[in-house]
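Chemist: With the sequence up front, the predicted model follows.
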Amino acid sequence: MTLRTGFATALCCAIFFGATFLATSALAQPPSANEMPSVIQVPAEAQASPHFDATAATNAYLAQIPPDKTARSDAYFEGGYWMILWDFLYGVVVALLLLNLRWSARMRDLSERVTRFKPVHTFVYWLQYLILTSILFFPGTVYEDYFREHKYGLATQTFGPWMGDQMKELAVNAVLGGLLAMLLFGVVRRLPRTWWIWGAAVTIVFLIFTVLISPVYIVPIFNKVTRLDNPKIVDPILSMARANGIPAKDVYEIDASRQSTRMSANVSGFANTMRITLNDNLLRRGSPEEIQAVMGHEMGHYVMNHVYKLIMSFSIVIVLAFVYLRWSLDWTLQRWGEKWQIRGVGDTAVLPLVLLLVAIFGFVTTPVFNSLIRTQEYEADMYGLNTNRQPDGFAQAAIHLGEYRKMNPGPIEEWIFFDHPSGRNRIYAAMRWKAENLKLFTVEQQSAESSTPTPPAPPASVGKK
Ligand SMILES: [Zn+2]
């Protein structure tokens, strides 16, 4: 989380499960440099046989990935660890500059001159803050979201359309962030002693509101979302959906290839806007087994009410964040409030300090957020395997997702940085499942043996079945 995106992003990240809604590409593209192999053939060690071994099967799948692709994927993902740190530190520097140079106090004075009507005053301050910080963070944004994504073959946009998306994002942040800022400063001014309780409540309601409107009003700003209509893909999916009690109309396709090459799918929305969306990269490159495996996973999110459970978990974190904010704002304002020309918690000039404190909280709790989400992702993996019984399709999907996620991290690394189980763990889970369900699979090796010359058949014995 960076200060640039602040509250709006912190809230929006709850909406999507493992999906970049800014991703995508539809036209035939040359294979990108990091493209993982499509493992259509099940490796020999992973085929059903009397000596099937889950670890050997997992290793056989991993061996399908050429070493240079693994190195590239690792470099991409590990670079992300450092970006968390650099973004955080840069955000701290920017916040301290805004406070110590009293730019924040000046933006407050300016917005007070524009209007005496408090909510509008807050909104005008927010706009100034958002534009100023977007400019200060722009070099980092261009590097991280544009040049670096292109370098790793994950981006499909030229600079113009990319910049267009950035401007749209800025507009969304202006509206949503402005709305939340007006609500929260209103709460602080009216309830100066209990603001942290009511502020947490308002933030939770705002989170639910954002999740609710996102699939219908926010995602379509960036991408085209349509109902899936290819019967070859749709029919098995709809059958699986009916079997799991999911309204069949809820399967959508998004043109994620407009922005990126990443394959993904997600469950988004709240109550009657909740839906499952597959992206076009997955539909284009995934085998039918792979698409069904991913779909079973998404249905797991749906059936196990993960959106609601995640909102509950995040609500607890939000309450803790407000308790911490109340304490840390008192502490910092007592020491430096006068120097920064901040009149109190209800003064809009306090915003860079609030977002600085939130960023520290977010930085420290990154493993907690990741683990909350990763735990649900693992549950959805298990649900998917039990539902669609496609362990090999699932392994294939895990390899494709390795294009932007390290396949084989250490356990602590996975705990801190991974919001999904690592590719290796996902393949192992699938092979472990297969090992216990071998009877569901024909003994695949027999077909290979049938090509070798068969010895003359022994004389038929009486009573042969
Ligand atoms: Zn998921």
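Modeler: Cool, the structure landed. In this text the structure is predicted, and so the values were computed from the model without any measurement. Residues are numbered from 1 along each chain as shown.

Chemist: Would you pull up how far the longest helix anywhere in the chain lies from the middle of the chain?
Modeler: If you go by DSSP state H, the chain has its longest helix at helix 67-100. Relative to the mean C-alpha coordinate of its chain, helix 67-100 is positioned 17 Å out (CA atoms, centre = their mean, to the nearest Å).

Chemist: what's the very next helix or strand once past it packed up against?
Modeler: Beyond helix 67-100 on the C-terminal side, the first helix or strand identified by DSSP states H and E is helix 103-114. For helix 103-114, the helices and strands in contact under the criterion 3 or more CB pairs under 8 Å, 6 or more residues apart in numbering; DSSP states H and E are helix 118-141, helix 351-364. Glycine gets a C-beta too; all of them are placed from N, C-alpha and C.

Chemist: Just send these back as CSV, with mean neighbour count, mean pLDDT and distance to the ion too.
Modeler: Listed next are these as CSV, based on neighbours: other CB atoms under 10 Å; pLDDT from 0 to 100; distance: least, CB to the ion, whole Å:
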stretch, mean neighbour count, mean pLDDT, distance to the ion
helix 118-141, 18, 96, 26
helix 351-364, 20, 97, 21
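
Chemist: can you pull out the helices in the stretch 101-250 of the chain?
Modeler: In the stretch 101-250 of the chain, the helices defined using DSSP state H, counting those that start in this stretch lie at 103-114, 118-141, 148-151, 159-190, 195-213, 219-222, 231-243.

Chemist: ok, now the stretch 351-465 of the chain?
Modeler: 351-364, 366-388, 391-401, 411-417, 423-436, 445-449.

Chemist: looking at those helices, which is closest to Thr115?
Modeler: Closest to Thr115 of the helices of the stretch 351-465 of the chain, according to CB to CB: helix 351-364, at 17.1 Å.

Chemist: residues making contact with the closest one?
Modeler: 1-3, 6-7, 10, 84, 88, 91-92, 94-96, 98-99, 104, 125-126, 129, 181, 321, 324-325, 328-329, 332-333, 340, 342, 369 (CB atoms under 8 Å, 6 or more residues apart in numbering).

Chemist: and Leu170, what is it in contact with?
Modeler: Leu130, Ile131, Ser134.

Chemist: Would you confirm that Thr365 contacts Ile316?
Modeler: No - applying CB atoms under 8 Å as the test, Thr365 and Ile316 come out as separate, 11.3 Å apart.

Chemist: Of the two, give the one with the bigger neighbour count.
Modeler: Neighbour count, other CB atoms under 10 Å: between Thr365 and Ile316, Thr365 has more, with 17 against 12.

Chemist: related to what we said a few turns ago, any chance of the contacts of Leu170 in CSV, plus distance to Glu169?
Modeler: As requested, those are arranged in CSV below (distance: CB to CB, whole Å):
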residue, distance to Glu169
Leu130, 11
Ile131, 13
Ser134, 9
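
Chemist: helix or strand for Tyr324, which one?
Modeler: With DSSP H and E as criterion, Tyr324 is part of helix 306-336.

Chemist: Skipping adjacent residues, who's closest to the residue of the stretch 151-300 of the chain found nearest the ion in space?
Modeler: Residue of the stretch 151-300 of the chain nearest the ion, by CB to the ion: His297 (5.5 Å). Spatial nearest neighbour of His297, excluding adjacent residues (CB to CB, 6 or more residues apart in numbering): Gly384 at 3.7 Å.

Chemist: Next, count neighbours for Pro367.
Modeler: With other CB under 10 Å as criterion, Pro367 counts 14.

Chemist: What residues does the stretch 351-465 of the chain have near the ion?
Modeler: Glu377, Ala380 (CB under 5 Å from the ion).

Chemist: what do you get if the cut-off is 8 Å, keeping everything else the same?
Modeler: Gln376, Glu377, Ala380, Asp381, His420 (CB under 8 Å from the ion).

Chemist: Sketch out the low-pLDDT regions of the stretch 51-200 of the chain for me.
Modeler: Scanning the stretch 51-200 of the chain for pLDDT under 70 picks out nothing.

Chemist: interface residues of it facing the ion?
Modeler: Checking the stretch 51-200 of the chain against the ion by CB under 8 Å from the ion, there are no hits.

Chemist: Now whichever residue of the stretch 51-200 of the chain sits closest to the ion: closest residue in space that isn't a chain neighbour?
Modeler: Per CB to the ion, Phe77 is where the stretch 51-200 of the chain lies closest to the ion, at 17.5 Å. For Phe77, ignoring the flanking residues on the chain, the nearest one in space by CB to CB, 6+ apart is Lys406 at 4.0 Å.

Chemist: how many neighbours does the one you found have?
Modeler: Lys406 - counted by other CB under 10 Å - has 23 other residues nearby.

Chemist: With Trp82 instead?
Modeler: Neighbours of Trp82 (other CB under 10 Å): 9.

Chemist: Kindly report the same for Lys339.
Modeler: 10.

Chemist: where does it land in three-state SS?
Modeler: Taking DSSP: H, G, I helix; E, B strand; the rest coil as the rule, one finds Lys339 in the coil state.

Chemist: What does the pLDDT read for it?
Modeler: pLDDT, Lys339: 97.

Chemist: for it, what are its contacts?
Modeler: Asn100.

Chemist: Am I right that Val317 is in contact with Phe369?
Modeler: Yes - assessed by CB under 8 Å, Val317 is found in contact with Phe369 at 7.5 Å.

Chemist: in the stretch 201-350 of the chain, what spans have low per-residue confidence?
Modeler: Looking at the stretch 201-350 of the chain by pLDDT under 70, you get 248-250.

Chemist: before we move on, the earlier item: which of the helices and strands packed on helix 103-114 sits closest to Asp235?
Modeler: helix 118-141 (42.3 Å).

Chemist: elements contacting that closest one?
Modeler: Checked by 3+ CB pairs under 8 Å, 6+ apart, helix 118-141 has helix 67-100, helix 103-114, helix 159-190, helix 351-364 packed alongside it.

Chemist: Report the inter-axis angle for the last one versus helix 159-190.
Modeler: For helix 351-364 against helix 159-190, the angle by axes from the mean of the first three to the mean of the last three CA atoms, to 10 degrees is 110 degrees.

Chemist: by how many degrees do helix 351-364 and helix 366-388 diverge?
Modeler: Going by the same axes, to 10 degrees, helix 351-364 makes 60 degrees with helix 366-388.

Chemist: State the distance from the closest residue to Val124 other than its chain neighbours to Gly177.
Modeler: Spatial nearest neighbour of Val124, chain neighbours left out: Ser111 (3.9 Å); criterion: CB to CB, 6+ apart. Ser111 is 15 Å from Gly177, where distance means CB to CB, to the nearest Å.
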